[in-house]
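Visitor: following is a predicted model, sequence given first.
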Amino acid sequence: QKIERLKAELHLLEAAGSGPARHRFFLDTARQVQEFDIATHLDTVPELVDRVYNRPTIATLQRETLRGATDPAHLKKLAQQRKNQYDLLRQRIEREKAMFVITQKIQTRKDLLDKTHKVKVKKETTTGPAIYKFKFQRKR
């Protein structure tokens, strides 16, 4: 439940592992590349160009005041907190996978207590339990 809550809270903005989000602009000539200004193209102020998400336009800024952190030090602190939250989420997901493997191994050991004939098909690994093939026995 905590994993689901963290996923809902973080919205997995950067968890895909694809690295930072990038905008690609296609231009026709080398002259356009030289004269290209990202702030005018995105219709925002140059101070907010570094924001990947929640980048308001100039018209929005004229209508409303800017909410949230604008100080670079505060933005850096928020980014560090977000990174810590993603690390916590990753650790919980890994722990859940490890616990699932352990429960599979325990269930396999319980199944082995049965007196029926069994043949080992695959050895136990760190990522999965040993696999056995049991002889079919008709239940009456």
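Guide: That came in fine, so what should we check first? Being a predicted model, the structure only gives us computed values, none of them experimental.

Visitor: after the lowest-mean-pLDDT helix or strand in the chain comes which helix or strand?
Guide: None of the helices or strands of the chain scores lower by mean pLDDT, DSSP states H and E than helix 2-10, at a mean of 81. Proceeding N to C from helix 2-10, the next assigned helix or strand is helix 30-35, under DSSP states H and E.

Visitor: helices or strands next to the least confident helix or strand of the chain in the packing?
Guide: In terms of contacts (3 or more C-beta pairs under 8 Å, 6 or more residues apart in numbering; DSSP states H and E), helix 2-10 is packed against helix 72-112. Bear in mind the C-beta positions are built from the backbone N, C-alpha and C, glycine included.

Visitor: now the helix it packs on, how far from the centre of its chain.
Guide: Computed by C-alpha atoms, centre = their mean, to the nearest Å, the chain-centroid distance of helix 72-112 equals 11 Å.
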